[in-house]
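Novice: got a predicted structure plus its sequence, pasted below:
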Amino acid sequence: MDYNELKRKFKLHFGLELNSNPRFKFLMYDIFVYGSAYIVGGYLRDFLNSKPSRDIDIIVDLDNEKLLEIIQSANVEFSINRHKGIKLHFAQIDVDMWSIENNWAFKNELVKLNENDKLKSIAKGCFYNYDSLVVNLHTLNMNIHNYKNFNLEKKLDILQKSPIYKNLNPTTEANILRAFYLKKIYQIEFSANTKKYLIDKIGEISDKELSPLTQLELTKSKYDKYQYSLSANEIESSIKDLYKSNDFDKQMYLEL
């Protein structure tokens, strides 16, 4: 599809979303008065694949204090999670919103925020290439390069190679489950970077009181899509499969 045609179709698509949720529409208009906003990840991916969406992730180019002020003035139901993400509840859809200053990759200075190309910076700050899709809601410019590579190569990759970046990501167990889920659903492979991350992190959670399998099952209970699509046996099998490759030392990080 032609790029301009893609932008036009997304504009219509998101316009229908706003018209279906008037409170969301008016909130976004208030935000646009002060700054830009970027949809990241699944909502844009669902659009490209003609699938319905259950939620939207949005990064707002405003400081957190101003963003909260706008949300509170809009009289919208919301809650704040431990990572300072703001979850907004609308009639038709939920929206997870962050100020750009609270994005974990920028906040920890693990990804440089290029003031002249924030679209690219946000795309680079995404953890997996599968989730690296960004659209600027002002200009409708998109960055889907990394997601295209995922589809082309059929390989799940962590975009940043830095150990600090990977170690500071706050959702270790969820990242492991996501990798196993995507491999099952799409029959893809893991890049060497992803495989090493998974082996290292399973090794780390092996040092805790609960077994890795138990910890992953507890995390799975928080995500509907993983509950119904990844059994305990499949998780165990996925962990064992990581050690069949000759790419890494055969040191076992856990015993199942």
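Specialist: Sure, I can see it.
Novice: please make it C-alpha for all contacts and neighbour counts, starting now.
Specialist: Will do.
Novice: contacts for the helix or strand bottoming out on mean pLDDT in the chain?
Specialist: Among the secondary structure pieces of the chain, namely its helices and strands, helix 104-107 has the lowest mean (mean pLDDT, DSSP states H and E), a mean of 82. Helix 104-107 has contacts (CA atoms under 8 Å, 6 or more residues apart in numbering) with 100-101, 111-113, 125, 165, 169.
Novice: report the buried residues of it.
Specialist: 104-106 (16 or more other CA atoms under 10 Å).
Novice: chain center to that helix, what's the gap?
Specialist: Using CA atoms, centre = their mean, to the nearest Å, the mean C-alpha position of helix 104-107 is found 13 Å from that of the whole chain.
Novice: from the contact counts, what lies against the following helix or strand past that helix?
Specialist: The helix or strand immediately downstream of helix 104-107 is helix 118-125, counting by DSSP states H and E. Using 3 or more CA pairs under 8 Å, 6 or more residues apart in numbering; DSSP states H and E as the contact criterion, the neighbours of helix 118-125 among helices and strands are strand 134-136, strand 142-143.
Novice: got the CA positions of stretch 214-226 in CSV?
Specialist: Included here for stretch 214-226 are C-alpha records, laid out as CSV according to Å, rounded to 0.1, in the frame of the first residue of the first chain:
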residue,chain,number,x,y,z
THR,A,214,5.9,-21.0,39.2
GLN,A,215,7.0,-17.4,38.7
LEU,A,216,6.0,-17.5,35.1
GLU,A,217,2.7,-19.1,35.9
LEU,A,218,2.0,-16.3,38.4
THR,A,219,2.8,-13.6,35.8
LYS,A,220,0.7,-15.5,33.2
SER,A,221,-2.3,-15.1,35.5
LYS,A,222,-2.2,-11.3,34.9
TYR,A,223,-2.5,-11.6,31.1
ASP,A,224,-5.6,-13.1,29.5
LYS,A,225,-4.0,-13.9,26.2
TYR,A,226,-1.2,-15.9,27.9
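Novice: quick one: end-to-end length of stretch 152-162, please.
Specialist: 24 Å (CA to CA, to the nearest Å).
Novice: hey, which helix is longest across this protein?
Specialist: Ranked by residue count, the top helix of the chain under DSSP state H comes out as helix 3-20.
Novice: mind listing what's buried in it?
Specialist: By neighbour count, and taking 16+ other CA under 10 Å as the criterion, the buried residues in helix 3-20 are 7, 10-11, 14, 18.
Novice: same thing with stretch 231-240?
Specialist: Neighbour counts using 16+ other CA under 10 Å place 235, 238-239 of stretch 231-240 among the buried residues.
Novice: one more: stretch 127-141?
Specialist: For stretch 127-141, burial by neighbour count (16+ other CA under 10 Å) applies to 127-137, 140-141.
Novice: and these, which is closest to Ala74?
Specialist: Minimum distance to Ala74 across the buried residues of stretch 127-141 is 19.4 Å, recorded for Leu137 (CA to CA).
Novice: which residues touch that closest one?
Specialist: 36-39.
Novice: from Leu68, how far out is it?
Specialist: 19 Å.
Novice: flag the shaky bits of the protein, pLDDT-wise.
Specialist: For the chain, residues meeting the criterion pLDDT under 70 lie at 207, 245-256.
Novice: which residues in it form strands?
Specialist: In order along the chain, the chain carries the following strands (DSSP state E): 37-40, 55-60, 78-80, 86-89, 94-99, 134-136, 142-143, 155-156, 189-190.
Novice: partners of the fifth one in the sheet?
Specialist: It stands for strand 94-99. Taking DSSP bridges as the criterion, strand 94-99 forms sheet pairs with strand 55-60 (parallel), strand 86-89 (antiparallel).
Novice: do the third one as well
Specialist: Strand partners for strand 78-80, identified by DSSP bridges, are recorded as strand 86-89 (antiparallel).
Novice: which other residues reach the strand it pairs with?
Specialist: 76-81, 94-98.
Novice: buried ones among those?
Specialist: Restricting these to buried positions leaves 78, 94-98, with burial counted as 16+ other CA under 10 Å.
Novice: hmm, back to that, of the buried residues of stretch 127-141, just say which sits nearest to Phe26.
Specialist: Leu137 (14.3 Å).
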